[in-house]
Structure formats: C-alpha cells, structure tokens
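S.K.: Quick one: sequence plus predicted model below, questions after.
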Amino acid sequence: MCKEDLEQMGPEAIEVIRAESGQQGADWEYYFPKLDSESTATAYLFRCRHCAQLGGYSDRH
Ligand SMILES: [Zn+2]
C-alpha cells in the first residue's frame, strides 16, 4: 500500500503503520510519502480475524 491508500483508510490506518515503524515527527514526515508499492517502502495492513484489531507494518526495500 502507498501513502494515498493509507490516507483513504483514515487516520487509524496511518497511525498503525506509524507506530509500528517507530518513527515520529520529522522522521515520519519524511518516511510517509515514500510509502509506495513499487518504490522505497511499502505498507501492509490487515485486520485481525480474531479481535478485529487493525494491524500492519511497513518494509524498506
Ligand atoms: Zn487479534
């Protein structure tokens, strides 16, 4: 998923990815726009089938 996908899914989705990445402030502002399915980093989002909690992570290539 890319930045636009996450924005469409709303602030909860963005926060899951941000929290997992361990980044904040300026680091996150720099990293977030780089999320792109074909580029530097990609975000993965899923909903737990047991408790419906939103989970996810991102990966740098
Ligand atoms: Zn769960």
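M.R.: Cool, got the structure.
S.K.: so what does the biggest helix by length in the chain touch, helix or strand wise?
M.R.: Longest helix of the chain, by residue count under DSSP state H: helix 11-21. Other helices and strands packing on helix 11-21, by 3 or more C-beta pairs under 8 Å, 6 or more residues apart in numbering; DSSP states H and E, are helix 3-9, helix 25-31, strand 41-47, strand 54-60. The C-beta positions use only the backbone N, C-alpha and C, and glycine is treated the same way.
S.K.: May I have the residues that are in contact with L45?
M.R.: 1, 6, 9, 13, 16-17, 54-56 (C-beta atoms under 8 Å, 6 or more residues apart in numbering).
S.K.: Show me the shaky parts of this protein.
M.R.: Applying pLDDT under 70 to the chain flags residues 37, 61.
S.K.: So which residues on it come close to the ion?
M.R.: Proximity of the chain to the ion is confined to 48, 50-51, 53 under the rule C-beta under 5 Å from the ion.
S.K.: hmm, try it at 8 Å
M.R.: Residues of the chain lying near the ion by C-beta under 8 Å from the ion: 48-53, 55.
S.K.: For D36, the count of nearby residues, please.
M.R.: 15 (other C-beta atoms under 10 Å).
S.K.: check contacts around the nearest residue to it once chain neighbours are set aside.
M.R.: Leaving aside its chain neighbours, D36 sits nearest to C2 (4.4 Å; criterion: C-beta to C-beta, 6 or more residues apart in numbering). Neighbour list for C2: 35-37, 39, 42-43 [criterion: C-beta under 8 Å, 6+ apart].
S.K.: try 10 Å this time
M.R.: 32-39, 41-43 (C-beta atoms under 10 Å, 6 or more residues apart in numbering).
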